[in-house]
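**Q** Attaching a predicted model along with its sequence, questions to come.
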Amino acid sequence: MTDQQESVREIRINPIVPTESVLVSTARGMRPRKDEEPAPRDSRRHVDRCPFCTGNEHMTPPTVTSSPSEEKWSVRVVENLYPVLGDDSQSSNLVFGLQQAIDGYGRHEVIIDHPEHGIAIQDMSEDHLFRLTGVYRDRIRALYRADERIQYVLVFKNFGPAAGASIAHTHSQVIAMPVVPENVYNEVTHSRKYFEKNRQCIFCSLIDEALTFEATIYDRESGAVRRQFNVGQYVIERGEHFVAIKPFASRYEWEIHILPLRHRSDFVDISDDERHDLARVLKHSMTRLDAVIGGAQYNFFLHSIPHNNEFSHCHDSYHWHLEICPRTSIPTGFELGSGLFVSTISPEQAAEQLRAVELE
Ligand SMILES: [Zn+2]
Ligand SMILES: [Zn+2]
Ligand SMILES: [Zn+2]
């Protein structure tokens, strides 16, 4: 790490979605945001009154599916008690003047990640994470198949109250939506534009850059080194099939993206071999995060190609990935008003710290 990198103040443009940017300002005192308290770690194995703990299955809405079996489940999927979208709505789409509303049709399910109440992702076995990601895949596939009105199936996880988790028991959620959400839409359309110009997937190019790129940028006047890019500088973890990267323009200070090393557009096509490697890379990445920012509250979510005709020509330009966004600070009016997120630690420095964690 050079001195130049220690005090960065610049606006970085997201290469995939150029309308998104982040202000990286590591200068001392530049802290417009309030820090989140680390979530108190609830490490209890069983809580008598928790609806997601074993023995309390009658306290949840009906089981959608369980793995490996209903009696001895390791992962259990139930209907959400308070769905944000439902299949019972009678209204149709609505337009009045400039206002437009799409019927809130959809499905909302909860995936109980593990029978143990307070277990963290990094403490689950690789076999368990293999099973859990298999359930993610199966639910996405089933929900797309269940209804042709579904435009996108989003799988995500909230961990900690600052990340919006209302039930402490470790869980993920699946929402099948009647629209393609804006974040996915922007990624798919912008990466298509890049592909049409360069005949290459931008995600593959970014992975390639992260694994091989090396450069030194000099100041034109003084000749001093302005910035040094080292090989692997943004790589947190590399497996056989997956890589975990710290994006150059990260909106969240400890944000990590996990991507398949080879071009893959659709998460549901993941092979067992790939899924074993994903389990390992995910576990290692979360272990590193936990070691650096202990008790992190975070969201993670899967971005994969939507199963609708509008994007059927984008399989060679879109590349699925998992985004992990730790919530270490509360966004301020500056961020909400400008859309410009502020990062007070440079992504290079964050990557270095995450990489430096020694895994057992
Ligand atoms: Zn529980
Ligand atoms: Zn690609
Ligand atoms: Zn994404």
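**A** Alright, I've got the coordinates. Ligands and ions are numbered 1, 2, ... in the order given.

**Q** quick one, strands of the stretch 151-300 of the chain?
**A** 152-159, 171-177, 215-218, 225-229, 235-238, 242-245, 256-260, 298-303 (DSSP state E, counting those that start in this stretch).

**Q** Can I get the ones you listed in CSV including mean neighbour count, distance to ligand 1 and mean pLDDT?
**A** Placement of C-beta: from N, CA and C, glycine included. Shown next, in CSV, are these (neighbours: other CB atoms under 10 Å; distance: least, CB to the ion, whole Å; pLDDT from 0 to 100):
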stretch, mean neighbour count, distance to ligand 1, mean pLDDT
strand 152-159, 22, 14, 96
strand 171-177, 22, 9, 95
strand 215-218, 10, 49, 80
strand 225-229, 15, 45, 77
strand 235-238, 20, 29, 95
strand 242-245, 24, 29, 97
strand 256-260, 24, 27, 98
strand 298-303, 22, 19, 96
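
**Q** Looking at the ones you listed, spot the one closest to residue 335.
**A** strand 298-303 (16.1 Å; CB to CB).

**Q** Just the residues contacting that closest one, thanks.
**A** 136, 140, 154-160, 163-164, 183-184, 187, 267, 289, 320-327 (CB atoms under 8 Å, 6 or more residues apart in numbering).

**Q** do stretch 343-360 as well
**A** 1, 5-6, 8, 22-26, 30-31, 33, 233-237, 246-254, 256, 284-285, 287-289, 291-292.

**Q** Same question for stretch 324-333.
**A** Taking CB under 8 Å, 6+ apart as the rule, stretch 324-333 contacts 32-36, 160, 162-163, 251-258, 285-286, 289, 293, 296-300, 341-342.

**Q** Now the buried members of the residues you listed.
**A** Buried residues within those, counting neighbours by 16 or more other CB atoms under 10 Å: 33, 36, 160, 162-163, 251-258, 285-286, 289, 293, 296-300, 341-342.

**Q** who in the stretch 201-350 of the chain is up against ligand 2?
**A** The stretch 201-350 of the chain has residues 201, 203-204, 263, 319 near ligand 2, with proximity defined as CB under 5 Å from the ion.

**Q** rerun at 8 Å
**A** 201-205, 207, 259-260, 262-265, 317-319 (CB under 8 Å from the ion).

**Q** and those, which are buried?
**A** 201-205, 207, 259-260, 263-265, 317-319.

**Q** All the helices of the stretch 51-200 of the chain, residue numbers only.
**A** 126-146, 182-198 (DSSP state H, counting those that start in this stretch).

**Q** tell me what the first one is packed against?
**A** Other elements packing on helix 126-146 under the criterion 3 or more CB pairs under 8 Å, 6 or more residues apart in numbering; DSSP states H and E are strand 63-68, strand 73-79, strand 107-112, strand 152-159, strand 171-177, helix 272-292.

**Q** okay if I get the strands of the stretch 151-300 of the chain as a markdown table plus distance to residue 104?
**A** Shown next, in a markdown table, are the strands of the stretch 151-300 of the chain (distance: least, CB to CB, whole Å):
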| stretch | distance to residue 104 |
| --- | --- |
| strand 152-159 | 14 |
| strand 171-177 | 9 |
| strand 215-218 | 48 |
| strand 225-229 | 46 |
| strand 235-238 | 38 |
| strand 242-245 | 35 |
| strand 256-260 | 30 |
| strand 298-303 | 20 |
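
**Q** Setting aside sequence neighbours, what's the nearest residue to residue 321?
**A** residue 259 (4.4 Å; CB to CB, 6 or more residues apart in numbering).

**Q** That neighbour touches residue 243, doesn't it?
**A** Yes. Applying CB atoms under 8 Å, one finds residue 259 in contact with residue 243, separated by 5.9 Å.
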